[in-house]
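Q: next comes the sequence, and after it the predicted model I'd like to discuss.
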Amino acid sequence: MAKPDTKEPKVELEREYIVPLRKEWLKVPKYKRANKAVKGLKEFIAQHMKIYDRDLRKVKIDILVNNEIRFRGMKKPLSKIKVKAIKLDNGTVRVELVDLPPHIKFAKLRDEKKKAEVEKKVKEKEAVNEANSESKKKDAKAGSESKDAEKKKDAKEKREASKDESEKISKKQALTEKHTSKEKPISTPRKTLSR
């Protein structure tokens with residue numbers, strides 16, 4: 001059985017529109033205006049990009065477009081917006097901003113710069129790790145001889161430390177034995193008062 005290809009869908013159609021939103025959001029109360037503007041944008045794109053049955057679920061609005069519509073709040077959405085609609089061969093349409101506002105351009109540039117710095121640091125770490133692994137390999141060859149010497153030295157230090165410990169313990173025992181009497185005096189029972 002052949003596996004289905006999991007390739008990204010191809011671009012079928014790409015167009016730019018200036019979408020009038022005011023005539024849509026004027027039909028609803030003030031507190032619902034931004035929601036109606038987004039829905040009006042989807043309806044406009046579904047109509048002009050010829051989506052089958054004008055299914056609004058197939059219109060995917062970019063988060064930047066949504067944020068730009070709601071930038072001034074729910075009660076005062078934009079009256080018109082310039083977007084780029086990209087229809088894919090699977091029937092969905094992506095809606096993106098044509099001209100990015102300056103604050104978004106700045107944020108994108110800043111994010112790209114941070115990503116580049118992070119990638120640079122990762123590459124430097126990898127280079128350092130490779131250099132360390134090479135030096136460890138060299139040290140392992142020369143270090144096998146020095147490891148034996150280190151093991152002998154450690155064993156000798158452990159023996160000396162254990163001798164010191166045993167001497168300290170024997171001195172403490174001698175002191176405790178010196179100050180304690182070996183014979184205990186016979187204790188006499190106390191006389192109890194009787195009434």
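A: Alright, I've got the coordinates. Residues are numbered from 1 along each chain as shown.
Q: any weak-confidence spans in this protein?
A: Within the chain, the ranges that satisfy pLDDT under 70 run 1-6, 139-145, 179-195.
Q: care to break it down by domain?
A: Structurally, the chain divides into domains by automatic domain parsing as follows: 11-98, 100-142.
Q: mean neighbour count added to those domains, as TSV?
A: Yep, even glycine has a C-beta here, placed from its N, CA and C like the rest. Formatted as TSV, the domains of the chain follow (neighbours: other C-beta atoms under 10 Å):
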stretch	mean neighbour count
domain 11-98	16
domain 100-142	10
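Q: can you put those domains in JSON lines and add distance to Lys171?
A: Formatted as JSON lines, the domains of the chain follow (distance: least, C-beta to C-beta, whole Å):
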{"stretch": "domain 11-98", "distance to Lys171": "77"}
{"stretch": "domain 100-142", "distance to Lys171": "43"}
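Q: for the chain, longest helix please?
A: The helix spanning the most residues in the chain, taking DSSP state H as the definition, is helix 102-179.
Q: re earlier: closest one to Ala174 among the domains of the chain?
A: If you check each of the domains of the chain against Ala174 by C-beta to C-beta, domain 100-142 wins as the nearest, at 48.5 Å.
Q: just give me how far that closest one sits from the chain centre.
A: 16 Å (C-alpha atoms, centre = their mean, to the nearest Å).
Q: could you do stretch 72-90 as well?
A: Worked out by C-alpha atoms, centre = their mean, stretch 72-90 lies 31 Å from the chain centre.
Q: helix/strand/coil for Lys7?
A: coil (DSSP: H, G, I helix; E, B strand; the rest coil).
Q: so Ile81 lies in a strand, does it not?
A: Yes - counting by three-state DSSP, one finds Ile81 located in a strand.
Q: give me the beta-bridge partners of it?
A: In this entry, Ile81 is beta-bridged to Val19, by DSSP bridges.
Q: quick check: it touching Leu41?
A: Yes - the pair Ile81 / Leu41 is scored as a contact, 7.2 Å apart, by C-beta atoms under 8 Å.
Q: distance from the longest helix of the chain to the middle of the chain?
A: So, by C-alpha atoms, centre = their mean, the centroid of helix 102-179 is 28 Å from its chain's centroid.
Q: returning to what we had before: find residues that contact each of Ile81 and Leu41.
A: Common neighbours of Ile81 and Leu41, counting by C-beta atoms under 8 Å, 6 or more residues apart in numbering, are 19, 21, 65, 69.
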